[in-house]
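Engineer: only geometry, no sequence info:
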């Protein structure tokens, strides 16, 4: 039985060019087109297959009027073929007798779509070679055939040979037709559910791009080809490459679209992540681990060399970015295609791609249509705006990004407002894209402008939730910025075009291009170094984001910061990963004892590797919302306690010298606290119980903590409590059950923890508990109060001796891990049906036998019993 499928590898007929919007972006009318010989299969196999397709929600075309038609394929059938996404060809004994069927086959064979041949009581070789019943059919066709008819017969033969050579399904290898139908349905569903990349709705002029690129890609060729797409920033390279991906991805065994290669490959960690993304996307293995770029290259070569893949690398700026992803064609299997988009044509020449395609500016007709789609939500301008629209389109000069931004900024504006905007362009002419984008910026109110500048300078690629927490009025401004196409949200992360980011930064630089000390925001390490070295900082500076990975030796002095009274956002970080202060990297930043900086207006302080024992004595932080001092050298947080009501996030993780926790009563609105890996911290301050809004508390790897304060019961909003690796933690508060909002409790690696407290009240929110690698000796009867528990991990609890029979009362438990519980000899009786439990691991546990009530675990699909070959009732488990 042939279980694999293959796509017919022929170039499609050129699409009609009458429409300016791409046919490739339209939705297919039919998901499947059935081609069959009615007298052979209409009332049997074809009917059963059709009903199965319909019952699975697959929109299917079946011609029920074949017997009424003549020999020429009619326009409605032609239209149905063009508008169908997949084709199932049922070759039966008399299929070759029908000129109608053969004409259909010729049309179908010219399309670049999924074709599944079904050999229904015929030998596939008879179809390919036109032998058997097909031989006699062609003898009849060729009788008294004139030259024109002989040409058509040759097309029929070619189509039969081509489609007959595709991997398909031979009914003779199936015992039952129903099984064959099931396999066909599975293949089609898999193709229909294949993941496509998202493309915007308003697109113009894509037909010509796709037609040109199809000819360059040469999908019919079995060699490995590399294609380049180049052009000006904002010209539409990414959009076109996404359309190409969606158009041809189904022709490959695996496919992946990797965005923003330039931005993401600046540092070693980013390049390693790109390799992992490529491998995980192509091989479909979750979380494939590679530890170095060299190892990643080796894995790519080994694992992809036999696969026919489509790889699109978007926004490549240097040849080095290809070295670790697609250095050689031999890394990929026969028929693979690698498509690169770049602004630099020279890069493509250096890499000797097989073909390059330049994306050029739109002509006037396409430009006016694209502009109008954003300005008027239609393809032509409104009557009163014709002249103004023409002037705007001329100004944009065919650049799609400029047309989109200009159109959006003028949507629903009056004629007077349009004239005002146009007049502004005439008085300040500038052909550069930056000035076009500034028109949209100037259409924002002052608050929206400031939010956009913060994002362009500091927060591109950040989670929207973090940005709205740190920037005032961002919650209402971000939707406006999205509507005006200045930013986009992708999985809740803020993105924007490079040109828009450069526009924002140019606005910041504009008034004082050579005096960064007078800018409102500083993001470049060289500019920051100049300001600090020359003590030229001013009150204008609101934000500093310093990447120490890129900076040279730098010194922070009180004098250099003294005039920055308006500092709101201050971040010192290491994009390549912080080098431990015991190493040499710390010497790049010199901070002397007694250093002070303005902090009254400070909203965000993020300083990786802060070197002093505490924050400065003058530190105010009254407006502080987030404080992140991970990898710091602090022993205590601040020298004087003060009410800081706005503080929501506190991160002191990996501060190995931290000895004292701050008084949390002065930070009543904290929502997240991370004190992970603070090896010198011995206890948790009881004031933590005042944090009514705390949702996440991470104390993992604080190895000197022995217990938690009873005041923890006050954390009524706590959802996540992480105590992983607290090796000296000996007990948990008996009032732990008061944490009514707790969803996740991680005690993994708390090796001295022997007792889990009795649970005297329902903890209905608790979904996951990880007890692995603890010294827990028994699970109490009161576990029944964890009625909504989904996952219970007791892996490697070597002292666990008993498991409460009340485990069966956990009706929603899905996963139970008892592996390596050497002391656990008996599995409790299952007194009630546990319908949700589907994953159970008893590998290497000490269990000697399983009770007959194990039958109540009737929905298990994954049961691990490694080391229990002779275990009683094992057969019951497997069944």
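Structural biologist: On my side now, so go ahead. On a predicted model such as this, the values are computed, not experimentally measured, just so you know.

Engineer: Any regions of the stretch 551-700 of the chain where pLDDT drops low?
Structural biologist: Applying pLDDT under 70 to the stretch 551-700 of the chain flags residues 578-587.

Engineer: Could you give me the buried positions within stretch 490-509?
Structural biologist: 493-509 (16 or more other C-beta atoms under 10 Å). For the C-beta atoms, the positions are set from N, CA and C on the backbone; glycine is no exception.

Engineer: Which of the residues you listed fall in helices?
Structural biologist: Among those, the ones falling in helices (DSSP state H) are 498-509.

Engineer: Looking at pLDDT only, which of these scores worst?
Structural biologist: Minimum pLDDT for those is recorded at residue 499 (70).

Engineer: you'd agree it is up against residue 399?
Structural biologist: No: applying C-beta atoms under 8 Å as the test, residue 499 and residue 399 come out as separate, 9.3 Å apart.

Engineer: Kindly check the end-to-end length of stretch 617-632 for me.
Structural biologist: End-to-end distance for stretch 617-632: 17 Å, by C-alpha to C-alpha, to the nearest Å.

Engineer: Repeat that for stretch 380-388.
Structural biologist: Taking C-alpha to C-alpha, stretch 380-388 runs 12 Å from one end to the other.

Engineer: For the chain, give the helix that spans the most residues.
Structural biologist: helix 147-164.

Engineer: Please point out which parts of that one sit buried.
Structural biologist: For helix 147-164, the neighbour count (16+ other C-beta under 10 Å) marks 153, 156-157, 159-160, 162-164 as buried.

Engineer: same deal with stretch 838-846?
Structural biologist: Per 16+ other C-beta under 10 Å, stretch 838-846 contains these buried residues: 838, 840-846.

Engineer: Likewise for stretch 319-334?
Structural biologist: Neighbour-count burial for stretch 319-334 flags 321-322, 324-326, 331-333 (criterion: 16+ other C-beta under 10 Å).

Engineer: Pick the one among these closest to residue 422.
Structural biologist: Comparing the buried residues of stretch 319-334 against residue 422 with C-beta to C-beta places residue 321 closest, at 40.8 Å.

Engineer: Surely residue 545 touches residue 569?
Structural biologist: Yes: with contact defined as C-beta under 8 Å, residue 545 reaches residue 569; the gap is 7.2 Å.

Engineer: which neighbours do these two share?
Structural biologist: Residues touching both residue 545 and residue 569 (C-beta atoms under 8 Å, 6 or more residues apart in numbering): residue 458.

Engineer: So these two - more neighbours on which side?
Structural biologist: With neighbours defined as other C-beta atoms under 10 Å, residue 545 and residue 569 compare such that residue 569 has more, 23 against 20.

Engineer: Tell me, how many residues neighbour the residue nearest to the more buried one when sequence neighbours are not counted?
Structural biologist: Among residues not flanking residue 569 along the chain, residue 543 sits closest, at 3.7 Å (C-beta to C-beta, 6 or more residues apart in numbering). Per other C-beta under 10 Å, the neighbour tally for residue 543 reads 24.

Engineer: mind listing what residue 543 touches?
Structural biologist: So residue 543 contacts 454, 457-458, 520-523, 567-570 (C-beta under 8 Å, 6+ apart).

Engineer: hmm, who's touching stretch 141-156?
Structural biologist: For stretch 141-156, the surrounding residues in contact (C-beta under 8 Å, 6+ apart) are 99, 102, 105-106, 138.

Engineer: what about stretch 829-844, how long is it end to end?
Structural biologist: Stretch 829-844 has an end-to-end distance of 20 Å (C-alpha to C-alpha).

Engineer: I should have written stretch 349-361 there, sorry.
Structural biologist: This stretch, stretch 349-361, spans 22 Å end to end (C-alpha to C-alpha).

Engineer: do the same with stretch 674-687
Structural biologist: Taking C-alpha to C-alpha, the first and last residues of stretch 674-687 lie 16 Å apart.

Engineer: buried set for it?
Structural biologist: For stretch 674-687, burial by neighbour count (16+ other C-beta under 10 Å) applies to 674-678, 681, 684-687.

Engineer: Tell me the spacing between the closest residue to residue 795 other than its chain neighbours and residue 751.
Structural biologist: Ranked by C-beta to C-beta, 6+ apart and with sequence neighbours excluded, the top spatial neighbour of residue 795 is residue 772, at 4.0 Å. Counting by C-beta to C-beta, to the nearest Å, the gap from residue 772 to residue 751 is 11 Å.

Engineer: More neighbours: which of the two?
Structural biologist: Ranked by neighbour count (other C-beta under 10 Å), residue 772 and residue 751 place residue 772 first, with 21 against 16.

Engineer: any weak-confidence spans in the stretch 101-250 of the chain?
Structural biologist: Using pLDDT under 70, the stretch 101-250 of the chain drops low at 190, 193-194.

Engineer: In it, what residue spans correspond to strands?
Structural biologist: Remark: strands assigned in the stretch 101-250 of the chain by DSSP state E, counting those that start in this stretch are 114-119, 169-170, 225-230.

Engineer: Mind checking which residue lies nearest the centre of this protein?
Structural biologist: The residue lying closest to the centre of the chain (C-alpha atoms, centre = their mean) is residue 491, at 7.1 Å.

Engineer: Fine by me, thanks again.
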